[in-house]
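> just to be clear, the model below is a prediction. Sequence and coordinates:
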Amino acid sequence: MTRGVSFRVYFSDAGGLGDFLTGMLPEPATQRQPIARFFADAAAGKLPAVSFVNATFDAPESKATWEHPPSVAQLGQLFVARVVDALLKSPNWPRSALFFAYDEHGGLFDHVPPPAACPPDAHQPELQPHDQHGRFDHLGPRVPFIVVSPYAKKHHVSHEVYDHTSILRFIEARFVLPALTARDANALAPWDMFDFSVPAHAKPPQVTLPQVDAGAVTRCAELYPEKP
């Protein structure tokens with residue numbers, strides 16, 4: 001906001017990224033909004049220049065949408081589909097780009113070793129005696145990274161190395177903003193996932209919302225009941 005770029009953090013519950021960022025936001029009363037506001041803003045064509053949309057973190061496993069074990073992954077996929085569907089139907093769609101990624105790999109095996117990365121700064125990790133020693137000079141295992149945009153290339157699979165700061169690098173380039181650290185300053189923005197000469201998806205496709213197995217939700221609630 002201080003640089004003229006509007007943004008909001010849309011949260012799905014009282015926890016998660018929204019709470020973490022509250023003390024850092026210049027105007028938390030307006031820049032931190034519940035997820036219902038995202039759907040309303042999208043429908044009205046009033047999304048800010050940059051939006052951060054969070055799944056449910058602080059909820060019973062049978063209701064959480066963050067796809068972290070032992071929650072029901074289908075609930076998370078339904079949440080993602082609803083967010084995508086809202087953007088596709090929004091008046092904001094013609095000039096939008098949605099980046100979808102996970103914060104970590106969930107423990108799944110990856111045969112590709114994490115590559116080296118530019119350290120963000122000169123600070124060293126604060127390690128405990130039992131911690132494995134290391135530095136902030138490598139990326140982690142790969143995670144899915146999907147772009148949804150009128151200008152996203154059809155059937156394209158990128159073979160570039162991106163990390164989460166690649167999204168920051170894209171935002172910085174789009175709005176001519178300075179980098180926050182050396183990591184995002186040296187990150188590769190995902191330009192190869194776009195073709196800005198021709199909008200391949202000017203007419204947004206239809207989204208079929210996924211079905212959720214009610215039996216799986218019930219079983220999850222039985223195994224991991226809501227805490228009093």
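Good, I have the coordinates.

> from here on, contacts and neighbour counts on C-alpha atoms
OK.

> pLDDT of the biggest helix by length in the chain, averaged?
Secondary structure of the chain per DSSP state H: the longest helix is helix 73-88. Helix 73-88 shows a mean pLDDT of 97.

> the helices in the protein, which residues?
For the chain, helices defined by DSSP H occupy the ranges 17-21, 28-31, 35-44, 73-88, 165-175, 182-185, 214-223.

> if we can go back for a sec, CA atoms of the longest helix of the chain as PDB?
Extracted in PDB, the C-alpha atoms of helix 73-88 (Å, rounded to 0.1, in the frame of the first residue of the first chain):
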ATOM      1  CA  ALA A  73      -7.500 -33.900   0.700                       C
ATOM      2  CA  GLN A  74     -10.700 -33.700  -1.300                       C
ATOM      3  CA  LEU A  75     -11.800 -30.800   0.900                       C
ATOM      4  CA  GLY A  76      -8.700 -28.900   0.000                       C
ATOM      5  CA  GLN A  77      -9.200 -29.600  -3.700                       C
ATOM      6  CA  LEU A  78     -12.800 -28.400  -3.500                       C
ATOM      7  CA  PHE A  79     -11.500 -25.200  -1.900                       C
ATOM      8  CA  VAL A  80      -8.900 -24.600  -4.600                       C
ATOM      9  CA  ALA A  81     -11.600 -25.300  -7.300                       C
ATOM     10  CA  ARG A  82     -13.900 -22.700  -5.700                       C
ATOM     11  CA  VAL A  83     -11.200 -20.100  -5.700                       C
ATOM     12  CA  VAL A  84     -10.300 -20.800  -9.300                       C
ATOM     13  CA  ASP A  85     -14.000 -20.800 -10.300                       C
ATOM     14  CA  ALA A  86     -14.500 -17.400  -8.600                       C
ATOM     15  CA  LEU A  87     -11.600 -15.900 -10.500                       C
ATOM     16  CA  LEU A  88     -12.700 -17.300 -13.800                       C
END
